[in-house]
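Asker: Sequence first, then the predicted structure, then my questions.
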Amino acid sequence: MEFYYRPFGADNDFDKSKIITPDNIAKIRTRNANFLINMEAADWLVSPTQWQASLHPNSFYHKYSVIHEGIDTELLVKKTKNITFLKQLGVKADSKIVTYISRNFETYRGFESAMYAIEKVNKKMPEVHFFMIGGNDTGYGPKTQSNKALKEIMTAKTNINPSRIHWFSRVNYKIFQEMLSF
């Protein structure tokens, strides 16, 4: 049980610039219908974190376990950078690099906040490179009002040196591992 939607206290009211209307609340509640059916039918429920489990209705806690999905940090830690990869991007081996990795560039995954932060870092530290890995779809959140990709919208809204931001769609696991080593 990865996520249970709530109008307040989770994913909808953290951005104070967005107004939550009664219509929004009704739509948010209906997103949980399938989860509720499955929770009632399940013998046991598992969530990856205590916070995610806490979002679900209390009436199901008697059949809940929190089991972290785990991260093999030994597998993902490298001591050296892939110099060939960096050269292909025109990035020096001793460059400062910030990496943002997400399934999709979307609000639910903090993409807008990340872009505003990158804009500030780019202004104060113009030598930093930003590796952005993700797709242009939406996963959990709604599509944008204009139906444009959020990447396109945020690129237009922010002032980031385009030679410093490197975009990648979803990448294979080997490239993902290399990205984490930078």
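Answerer: Great, that's in hand.

Asker: going forward, measure contacts and count neighbours with C-alpha atoms only.
Answerer: Fine.

Asker: And the strands in this protein?
Answerer: 45-47, 64-66, 97-104, 129-135, 165-168 (DSSP state E).

Asker: what's the most buried one of these?
Answerer: Scoring the strands of the chain by mean neighbour count under mean count of other C-alpha atoms under 10 Å gives strand 129-135 as the most buried, with a mean of 20.

Asker: From the contact counts, what lies against it?
Answerer: Packed against strand 129-135 by the contact rule (3 or more C-alpha pairs under 8 Å, 6 or more residues apart in numbering; DSSP states H and E) you find strand 97-104, strand 165-168.

Asker: nearest to residue 142, of these?
Answerer: Between residue 142 and the helices and strands packed on strand 129-135, the shortest gap by C-alpha to C-alpha is with strand 97-104, which sits at 12.2 Å.

Asker: picking that back up, turn the strands of the chain into a markdown table, columns for distance to residue 177 and mean pLDDT.
Answerer: As requested, these are exported to a markdown table (distance: least, C-alpha to C-alpha, whole Å; pLDDT from 0 to 100):
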| stretch | distance to residue 177 | mean pLDDT |
| --- | --- | --- |
| strand 45-47 | 25 | 94 |
| strand 64-66 | 26 | 93 |
| strand 97-104 | 11 | 90 |
| strand 129-135 | 12 | 92 |
| strand 165-168 | 14 | 93 |
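
Asker: what comes up buried for stretch 137-147?
Answerer: Within stretch 137-147, the residues that count as buried by 16 or more other C-alpha atoms under 10 Å are residue 138.

Asker: hmm, I was thinking of stretch 37-52
Answerer: Using 16+ other C-alpha under 10 Å as the burial criterion, the residues of stretch 37-52 that qualify are 39, 45, 47-48, 52.

Asker: Give the buried residues for the helix ranked longest in the chain.
Answerer: Ranked by number of residues, the top helix in the chain under DSSP state H is helix 111-124. Neighbour-count burial for helix 111-124, counted by 16+ other C-alpha under 10 Å, picks out 111-112, 115-116, 118-119, 121-122.

Asker: In the buried residues of stretch 37-52, find the pair that's most separated.
Answerer: Of all the pairs that the buried residues of stretch 37-52 form, the one spanning the most space (C-alpha to C-alpha) is 39 and 48, at 15.5 Å.

Asker: about what we covered before: CSV for the helices and strands packed on strand 129-135, including distance to residue 151?
Answerer: Written out in CSV, the entries for the helices and strands packed on strand 129-135 read as follows (distance: least, C-alpha to C-alpha, whole Å):
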stretch, distance to residue 151
strand 97-104, 9
strand 165-168, 10
